[in-house]
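Q: My questions are about this predicted structure, shown below with the sequence.
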Amino acid sequence: MPENIIKTEYSEVMQKSYIDYAMSVIIARALPDVRDGLKPVQRRTLYDMHELGISYNKPYRKSARIVGDTMGKYHPHGDSSIYDALVVMAQDFKKGMALVDGHGNFGNIEGDTAAAMRYTEARLQKVTQDAILADLDKDVIDFVPNFDETEKEPSVLPCRIPNILINGSEGIAVGMVTSIPPHNITEVIDACKAYIENPEITTKQLMRYIKGPDFPTGGIVINKDELLDIYETGVGKIKIRGKVDVEKGKNGHQNVVISEIPYPMIGANISKFLSDVADLFESKKCTDIVDISNQSSKEGIRIVIELKKDADPQNFINMLYKKTRLEDTFGVNMLSIADGRPETMGLRDILKHCSAFYYELNRRKYTNLLQKENERKEIQEGLIRACNVIDLIIEILRGSKDRPMAKRCLVEGDTTGIRFKSKESEIMAAMLRFTERQANAILEMRLYKLIGLELDALIKEHDETMANIFRYEDILERHDSMTQVILNDLEQFKKEFGRKRRTVIENGEEAVYEEKKIEEADVYVLMDRFGYIKCIDENTYQRNIDTVKEENKFIVLCKNTGKICMFTDIGQLHTVKVSDIPMGKAKDKGIPVDNISSYTSKNEQILMIASQSELNLYRLVFVTKKALCKIVSGGEFDVSRRMIASTKLNDGDTIVNVGIVKDTKNIVLVSTDGFFIRFPLEELPELKKTAAGVRGMKLSDNADVEAVYYENIDSEPNFTFRDKQIEYSKIKLSKRDGKGTKLRLG
């Protein structure tokens with residue numbers, strides 16, 4: 001067979017491949033279906049548990065068995081994604097309604113992970129079986145081939161409650177993200193019933209039933225007035241606070257007790273919160289704290305903060321709201337798969353899709369049930385009729401040579417080959433016209449069915465079948481009847497699985513925190529050559545002046561209410577509040593400067609530190625290793641941002657020196673190959689920080705500027721370079737941009 005080479009544009013192939021990949025992630029992995037509220041991995045895991053028969057009233061089964069079976073049959077994407085999905089569905093602190101009953105260590109609210117799948121066990125919750133997996137055998141949903149077409153899996157589970165609202169969902173796809181908060185099952189069912197009864201209902205009217213999200217961690221939603229717009233559009237931000245109480249402590253102290261946390265604080269953010277509170281105390285931003293203890297247990301969250309006797313608890317609580325994650329934001333983006341495509345929907349649209357799905361489920365369910373009842377009716381009528389002519393049928397069976405001969409007689413009235421006792425029996429047999437299904441039932445009928453009581457039971461069963469047929473036809477033909485069935489189902493689920501709301505919905509007042517004013521004072525900021533930074537007061541500095549100068553690379557006098565500016569070799573300016581730097585003693589180590597700034601010690605080196613107030617009074621000189629120089633007004637660095645570019649650098653260039661111009665008259669540049677140039681500072685132009693500068697020295701090939709020195713009016717006549725004393729006067733005063741003079745250093 002000749003080779004067929006197809007030529008196409010590479011960009012077109014890449015574009016199509018990426019679109020296919022993106023749609024696969026969006027549709028088949030990251031986003032939930034609006035009908036059952038489940039992602040594919042969740043749906044496949046629950047269906048596999050159903051297939052394995054791990055129901056709520058059966059013993060638990062090993063999680064590893066569930067994961068392995070799901071991966072082998074339906075979800076070939078690795079065991080970790082399946083087990084993670086199983087764990088989350090079992091965590092009642094993450095889900096509004098846990099779908100899996102976990103046995104063993106399935107993690108906790110403080111962020112501890114679940115045990116390995118070989119150690120844990122699981123089974124389905126009753127609500128999952130009754131409301132999400134029921135009726136799978138009644139042809140209510142479509143089944144599709146699995147990944148290798150050896151099994152069939154459901155395209156969607158026959159969920160009969162709005163699970164997407166009850167449990168919410170979070171996921172990141174390609175170019176889109178979903179974030180749906182959990183809600184109260186009782187409120188959601190009431191809202192769903194209200195929509196079914198009145199499809200023209202507005203979002204505002206629906207919110208009479210759904211007050212807002214109901215997080216499993218409780219908490220207090222404080223922007224009630226904004227919820228209507230969020231539920232109308234499906235997008236917005238929900239502000240939530242933890243629940244805080246004030247209790248009497250020992251010795252007249254007061255305890256601030258946190259009993260409920262914001263939903264986003266679940267996991268490692270609890271320890272982060274405790275760390276943030278400790279940092280407030282250590283940095284002396286709050287001096288009211290005596291002790292912090294996390295007394296949380298299986299019974300719930302309990303974080304106790306003991307305050308001083310004279311502390312203002314409400315002001316302290318407001319400080320926690322302002323400066324920690326005790327007040328947080330839940331970003332809402334109600335994106336899900338509807339009709340095979342991703343769509344951001346408001347509350348009303350979600351209930352519209354869910355209710356339409358319930359009608360479809362019931363239509364298929366009762367069509368299937370009606371078909372089965374009609375088949376049952378046909379058989380029952382055949383058996384009742386057979387009982388009335390049982391003697392003739394026995395004569396046919398005894399006179400037939402085989403089953404097909406007897407069946408032809410029962411169905412077609414064909415008496416050929418059958419021996420009858422009389423001609424009258426043969427004539428009556430020729431008049432029989434049973435259906436195929438009836439004939440099979442008659443041929444398989446046991447003799448005990450001839451007992452009178454059994455016949456009465458058959459007639460009674462036929463009456464029940466006729467009643468069912470009438471009921472099913474009524475449900476399928478009358479919209480009101482089907483609506484009532486759906487409403488009854490929803491009401492039953494509400495009675496059995498409903499619970500009280502946990503999250504309070506209100507319009508909270510803005511937390512107002514009055515910071516205690518710091519008394520302004522002079523402090524010294526010290527940083528050693530290892531990058532550890534601290535503050536000491538003026539008295540400590542004067543008592544230990546020699547030790548301080550010997551052990552620290554940078555010493556900056558500034559106000560404790562001000563800021564310091566750190567200039568680095570890659571052209572960045574990092575600004576740090578002095579109040580963020582811990583006060584200490586002369587012998588204290590301090591903290592890494594990386595911890596309180598955006599500075600990264602691995603990527604850059606600090607060249608100069610100065611107080612921001614001092615910079616406003618003077619000008620700065622910048623010199624790069626490629627000899628580009630300029631003067632910049634210090635006022636340009638009076639910024640509020642923590643990090644900005646202090647100058648423009650060309651590719652491959654770095655800053656060698658940043659100096660403050662006070663009474664400088666001349667500047668000296670020294671190259672790596674031993675050339676020195678000395679010229680008046682006034683030859684450098686004053687430029688903006690966004691400029692690159694002008695050339696101060698002509699460098700030889702492969703040479704760079706190694707050092708910079710400033711000759712002040714009252715400075716020493718010498719400077720030290722490579723441990724050698726050099727007189728300024730030995731270097732000829734010249735113009736900028738010269739080659740310079742080469743000095744012998746030996």
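A: Cool, the structure landed.
Q: what about Ala703, how many neighbours?
A: Counted by other CB atoms under 10 Å, the residues lying close to Ala703 total 17. Yep, even glycine has a C-beta here, placed from its N, CA and C like the rest.
Q: repeat for Lys587
A: Residues near Lys587, counting by other CB under 10 Å, number 9.
Q: how about the helices in the stretch 351-500 of the chain?
A: Counting by DSSP state H, counting those that start in this stretch, the stretch 351-500 of the chain has these helices, from start to end: 390-399, 403-412, 423-430, 436-443, 452-477, 479-497.
Q: Give me the packing partners of the first one, helices and strands only.
A: Contact here means 3 or more CB pairs under 8 Å, 6 or more residues apart in numbering; DSSP states H and E; on that basis helix 390-399 packs against helix 403-412, helix 423-430.
Q: same thing with the fifth one?
A: Helices and strands touching helix 452-477, as assessed by 3+ CB pairs under 8 Å, 6+ apart, comprise helix 347-388, helix 479-497.
Q: Compute the inter-axis angle for the last one and helix 452-477.
A: Angle between the axes of helix 479-497 and helix 452-477 is 110 degrees (criterion: axes from the mean of the first three to the mean of the last three CA atoms, to 10 degrees).
Q: Give me the buried positions along helix 479-497.
A: Across helix 479-497, burial judged by 16 or more other CB atoms under 10 Å covers Ser481, Met482, Thr483, Val485, Ile486, Leu487, Asp489, Leu490, Phe493, Lys494, Phe497.
Q: Tell me if I'm right that Ala278 and Ile292 touch.
A: Yes: Ala278 lies in contact with Ile292 (CB atoms under 8 Å); the separation is 6.4 Å.
Q: Mind checking which of these two has more residues around it?
A: Ile292 (16 against 12).
Q: Now name the helix or strand holding Ser81.
A: helix 79-90 (DSSP states H and E).
Q: mind listing what's buried in that helix?
A: Ser81, Ile82, Tyr83, Ala85, Leu86, Val87, Val88, Met89, Ala90.
Q: swap in stretch 653-671?
A: Neighbour-count burial for stretch 653-671, with 16+ other CB under 10 Å as criterion, is recorded at 653-661, 664, 666-671.
Q: Which one of these is nearest to Ile536?
A: Proximity of these to Ile536 was ranked by CB to CB; the top entry is Ile660 with 22.3 Å.
Q: Let me know the closest of the buried residues of helix 479-497 to Phe106.
A: For the buried residues of helix 479-497, the minimum distance to Phe106 (CB to CB) is 20.4 Å, reached by Phe497.
Q: isn't that closest one right next to Ile185, touching?
A: Yes: Phe497 is within contact range of Ile185, at 5.9 Å (criterion: CB under 8 Å).
Q: Next, show the common contact partners of those two.
A: The contact sets of Phe497 and Ile185 overlap at Met97 (CB atoms under 8 Å, 6 or more residues apart in numbering).
Q: Would you agree Met431 is in contact with Glu412?
A: No: counting by CB under 8 Å, Met431 does not reach Glu412; the two are 11.1 Å apart.
Q: neighbour-wise, which of these two wins?
A: Between Met431 and Glu412, Glu412 has the larger neighbour count (other CB under 10 Å), namely 13 against 9.
Q: I'd like to know how many residues surround the closest residue to Ile180 other than its chain neighbours.
A: Closest residue to Ile180 apart from its sequence neighbours, by CB to CB, 6 or more residues apart in numbering: Gly168 at 4.3 Å. By other CB under 10 Å, the residues close to Gly168 number 26.
Q: okay, Gly168: pLDDT?
A: Note on Gly168: pLDDT of 93.
Q: same thing with the one 5 residues further on?
A: Predicted confidence (pLDDT) at Ala173: the value is 77.
Q: Tell me how far the residue nearest to it when sequence neighbours are not counted lies from Lys365.
A: Take Ala173 and drop its neighbours on the chain: the residue closest to it by CB to CB, 6+ apart is Ala30, 3.8 Å away. Distance, Ala30 to Lys365, by CB to CB, to the nearest Å: 30 Å.
Q: and if you look at Gln125?
A: 22 Å.
Q: Give the phi and psi angles for the residue lying closest to Lys585 once chain neighbours are set aside, as a check.
A: Leaving out its chain neighbours, the residue that sits closest to Lys585 by CB to CB, 6+ apart is Thr540, at 6.5 Å. The phi and psi values for Thr540, taken as degrees, to the nearest 10, are phi -60, psi -40.
Q: Is it correct that Thr540 is in contact with Ala586?
A: Yes: Thr540 is within contact range of Ala586, at 5.5 Å (criterion: CB under 8 Å).
Q: Thanks a lot, catch you later.
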